[in-house]
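Student: need coordinates for the following:
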Amino acid sequence: MSSSTLVYDPVAPCLTQPQKSRQSLDNLAGKTIGFIDNSKPNFNYLVEDLSQLLIEKHGVKAVIKQRKRSASQGLSEAAMNELVAQTDAIITGSGD
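Tutor: Below is the predicted model:
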């Protein structure tokens with residue numbers, strides 16, 4: 001009787017094309033900030049509070065949120081490209 005073992009590689013795939021780097025932000029006023037929600041419990045509460053603070057206290061123009069299907073999966077390439085195109089900075093978060 002033979003047995004086999006299934007092994008999963010936990011390493012995320014590398015980007016296939018080099019990405020242009022952006023310059024750092026001098027301030028947040030008038031900027032659009034993106035959040036990547038890793039779908040763990042309570043991150044949605046944190047991002048709501050952070051969004052409100054960024055808008056009210058730092059003059060952020062808008063906040064865009066993308067939620068991953070699960071904490072173990074990356075954001076789809078299409079969703080990431082859309083978020084990059086629409087924002088000045090992206091914050092990824094974790095809840096629990």
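Student: quick one: the helices in the protein?
Tutor: Under the criterion DSSP state H, helices of the chain are mapped to 43-58, 77-86.
Student: do you know how far Gly59 is from Val7?
Tutor: Distance of Gly59 to Val7, computed by Cβ to Cβ, to the nearest Å: 49 Å. Where C-beta positions appear, they are placed from N, C-alpha and C, glycine not excepted.
Student: between the two, which one's more packed in?
Tutor: Gly59 (12 against 5; other Cβ atoms under 10 Å).
Student: wait, that one touches Gly30, no?
Tutor: Yes - counting by Cβ atoms under 8 Å, Gly30 is a contact partner of Gly59 at 6.4 Å.
Student: wait, what's in contact with Asn38?
Tutor: 68, 71, 92-95 (Cβ atoms under 8 Å, 6 or more residues apart in numbering).
Student: can you flag the buried ones in those residues?
Tutor: Burial by neighbour count, 16 or more other Cβ atoms under 10 Å: within those this picks out Lys68.
Student: now the residue nearest to the spatial centre of the chain: how far from Ile90?
Tutor: The chain has Ile36 as the residue nearest its centroid, 2.5 Å off, counting by Cα atoms, centre = their mean. Per Cβ to Cβ, Ile36 is found 6 Å from Ile90.
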